[in-house]
Every structure is written in C-alpha cells, then in structure tokens.
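J.: From the sequence below, what's the structure:
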Amino acid sequence: MVFFTQTLVADEYRTIDWIELMPKDDLEALSNPPEYLNEIEDGSFEDQISSQLQLALETAADDKYQQALVSTKVVDAFDKQKIRLPGFIVPIEFDSQYRVTEFFLVPFFGACIHAPPPPPNQIIYAKYDKGFSQESLYAAYWLTGTIHISLTENEVATSAYTIEINSIEPYTEDN
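T.: Residues are numbered from 1 along each chain as shown. Below is the predicted model of the structure:
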C-alpha cells in the first residue's frame, strides 16, 4: 500500500544504505571507537544515556570519534539525487486530523526518542503538507524522493539532509 505517490519509474531512484550518507572519515571514526569506551562501567554517570551527548559535546574538540557522533558533515554527491531509503519516522508535527506533516527519518527504531540521536548526517528531515497516517512508531518505511543537503535543527534533533518525498511505503524486505 502506498500512502501517497507521484508517478515513479523504479530505475529513476537508487536504493541506498544509511552509511553512504556519512563521509568516510566519520564512518572510520565510528567504526574504530576509542579504548576509553571499554573502561566505562555499566550504570555509571558516563554510561547514562542523558550524559552521553553532553560528554560527546565536551570532548568532541579533540576526539574524532566524539566529533563523528555529532557531525554535520555530508556527502556532497548526494545533493539533489533521487534515492530510496528505509528508516523509521520520528513525528515532529501533525495536522488537525493527526496526520504526520513533518518528521525525521532515522536509521533505527527509537532514535531521537529513547537514545541520543544518531549523528545529524544520519538523520533526514521531511515535510509533507498533506500529511499521512502513521500506523505505528515501531513501523519502518521506505521513502523515495530527492535528497538535499540542508541543516535542520529543532528540540528533537538536528539533521544534515532533507528529502522531497515522492512516496512513502511500509517497509517489507520484498519491496
């Protein structure tokens, strides 16, 4: 079931993975976390979700791993590209009929809600004035559209990309 769509030609849109939106130096830094993370005791202040983002901001100046956690660096080649990407929707605004009109697309469930958010280059802002009914926060969706490099900040998260949506479909491995 497609919630809203324009005429789509499958070959026009390239299916991408989230890590493709992350610059190589950020990906390398996150793939090789520093040793001090192994020294954090479970349940300690440093281990608490609420303190992780603050710690990242405090130490980001001299730590490539911490910098990557809050990076707004993007892959310029994606600007104005037609893509297809799966993700989870974090609603920001609704219309009078409780349809989602603004949201962030994130790579995993709970991002921006239950955990420190992913890096801004792993969050995509979307706006759809007509709105759509989100069946469940737990549901993943395929978004198809044109991606743009654009910084969006609000109290929920910061994103380094936006997308002009052509279609949203419930995620299944078959589609």
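
J.: And the next helix or strand past the lowest-mean-pLDDT helix or strand in the chain?
T.: Lowest on mean pLDDT, DSSP states H and E among the helices and strands of the chain sits helix 49-59, with a mean of 50. Later in the chain than helix 49-59, the nearest helix or strand by DSSP states H and E is helix 64-69.

J.: And the helix or strand following that following helix, what's buried?
T.: Beyond helix 64-69 on the C-terminal side, the first helix or strand identified by DSSP H and E is strand 81-94. Neighbour-count burial for strand 81-94, counted by 16 or more other CB atoms under 10 Å, picks out 82-92. All C-beta spots, glycine's among them, are computed from the backbone N, C-alpha and C.

J.: got it, and stretch 65-85?
T.: By neighbour count with 16+ other CB under 10 Å, stretch 65-85 contains the buried residues 65-72, 74-75, 78, 82-85.

J.: Now name the helix or strand holding Ala160.
T.: strand 158-170.

J.: would you put the C-alpha positions of that strand in PDB?
T.: What follows is strand 158-170, C-alpha atoms only, in PDB (Å, rounded to 0.1, in the frame of the first residue of the first chain):
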ATOM      1  CA  THR A 158      19.500  18.100  14.000                       C
ATOM      2  CA  SER A 159      19.600  16.800  10.500                       C
ATOM      3  CA  ALA A 160      22.100  17.400   7.800                       C
ATOM      4  CA  TYR A 161      19.800  16.300   4.900                       C
ATOM      5  CA  THR A 162      16.200  16.900   3.800                       C
ATOM      6  CA  ILE A 163      14.100  15.000   1.300                       C
ATOM      7  CA  GLU A 164      11.400  16.000  -1.100                       C
ATOM      8  CA  ILE A 165       9.100  13.000  -0.800                       C
ATOM      9  CA  ASN A 166       7.600  11.200  -3.800                       C
ATOM     10  CA  SER A 167       6.400   8.200  -1.900                       C
ATOM     11  CA  ILE A 168       6.200   6.500   1.500                       C
ATOM     12  CA  GLU A 169       5.600   2.800   1.700                       C
ATOM     13  CA  PRO A 170       5.500   0.400   4.600                       C
END
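
J.: Kindly calculate the angle that that strand makes with strand 81-94.
T.: Per axes from the mean of the first three to the mean of the last three CA atoms, to 10 degrees, the angle that strand 158-170 makes with strand 81-94 is 100 degrees.
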